[in-house]
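K.L.:
got a sequence here, can you model it:
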Amino acid sequence: MKYISTNPEKCSKWTSKTFFIFIIIAGIIIGSIIHKPFFECICPHFYSVKGNSVIHDITNTFLISLFYVFSAFIVGSSALGQPLAFLLLFYGGYTFGFCTFLMYKFYGKAAVIPIIMTFVPKAAVISVIMILALRTAFRSSAALFAVYCDGDVRDSRELNLKLYCIRFIVLILVSFIFSVAVGTFDYLYLRMCKL
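P.N.:
Below is the predicted model of the structure:
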């Protein structure tokens, strides 16, 4: 049977941040071109709207980040989770692209500045959280797959459940800090915005 390596150097092209960013960008492009009505119910959670409380904006951003962190945790717990990691990245990008299209559709050119000032920072923060979480999940899933296929347990760091959980707890804390920063900025900006 072919050996499945979990050596970071050999798997770097699949777990590199650049490759993950490329998947998100591909999702954004496709999401802004191909529009499915199903995603319209998701987009309001990505928007910061004038009149919302600062707690509402912070909570929305945090819950979106939490969704991706929790999904990544589950994906990384499975030996067959690697394709799902890529799918989640693409889904995140697609949602960003689709929501940007809807804002432009509803508000026209007047939406450009609010998109840049509120939506782009939020999408960037969530993308960073997604990449960090799914990169960890991908490596864990690859290590589990190697164990099931060849009994290889050399990459013990990726198979350490305690360390794996700690990484995701840290990601949740980072998500909360970023959410407070982005949500507060959105709230303050929209108080001065005419849109």
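
K.L.:
just checking, next helix/strand downstream of the helix or strand hosting Leu87?
P.N.:
Here Leu87, judged by DSSP states H and E, is contained in helix 82-107. Downstream of helix 82-107, the next assigned helix or strand under DSSP H and E is helix 112-114.

K.L.:
local confidence estimate at the nearest residue to Met103 once chain neighbours are set aside?
P.N.:
Counting by Cβ to Cβ, 6 or more residues apart in numbering, Ala111 is the residue found nearest to Met103 once chain neighbours are left out, at 4.5 Å. For the C-beta atoms, the positions are set from N, CA and C on the backbone; glycine is no exception. Note for Ala111: predicted pLDDT of 75.

K.L.:
make 115 the starting number, not 1.
P.N.:
Shifting the count to begin at 115 puts that one at Ala225.

K.L.:
tell me how far Ala225 lies from Leu302.
P.N.:
Per Cβ to Cβ, to the nearest Å, Ala225 is found 19 Å from Leu302.

K.L.:
what's the helix or strand for the most centrally placed residue in the chain?
P.N.:
Closest to where the C-alpha atoms of the chain average out (Cα atoms, centre = their mean) is Met244, at 2.8 Å. For Met244, the enclosing helix or strand under DSSP H and E is helix 234-264.

K.L.:
got the buried residues for that helix?
P.N.:
For helix 234-264, the neighbour count (16 or more other Cβ atoms under 10 Å) marks 235-237, 239-261 as buried.

K.L.:
per-residue confidence averaged over it?
P.N.:
Helix 234-264 shows a mean pLDDT of 84.

K.L.:
how far does that helix sit from its chain's centre?
P.N.:
Relative to the centre of its chain, helix 234-264 is centred 10 Å away, using Cα atoms, centre = their mean, to the nearest Å.

K.L.:
remind me what that helix packs against, helices and strands.
P.N.:
With contacts defined as 3 or more Cβ pairs under 8 Å, 6 or more residues apart in numbering; DSSP states H and E, helix 234-264 has these neighbours: helix 126-129, helix 131-147, helix 168-190, helix 196-221, helix 275-306.

K.L.:
which of these sits closest to Met231?
P.N.:
Closest of these to Met231 is helix 275-306, at 5.4 Å (criterion: Cβ to Cβ).

K.L.:
now do the closest one and helix 234-264, the angle between them.
P.N.:
Per axes from the mean of the first three to the mean of the last three Cα atoms, to 10 degrees, the angle that helix 275-306 makes with helix 234-264 is 160 degrees.

K.L.:
flag every buried residue along helix 275-306.
P.N.:
Buried residues in helix 275-306, counting neighbours by 16+ other Cβ under 10 Å, are found at 278, 281-282, 285-286, 288-289, 292-293, 296-297, 299-301, 303-304.

K.L.:
so which of those sits lowest on pLDDT?
P.N.:
Minimum pLDDT across these falls on Leu304, with 77.

K.L.:
does that residue touch Ile227 like I think?
P.N.:
No. With contact defined as Cβ atoms under 8 Å, Leu304 does not reach Ile227; the gap is 11.5 Å.
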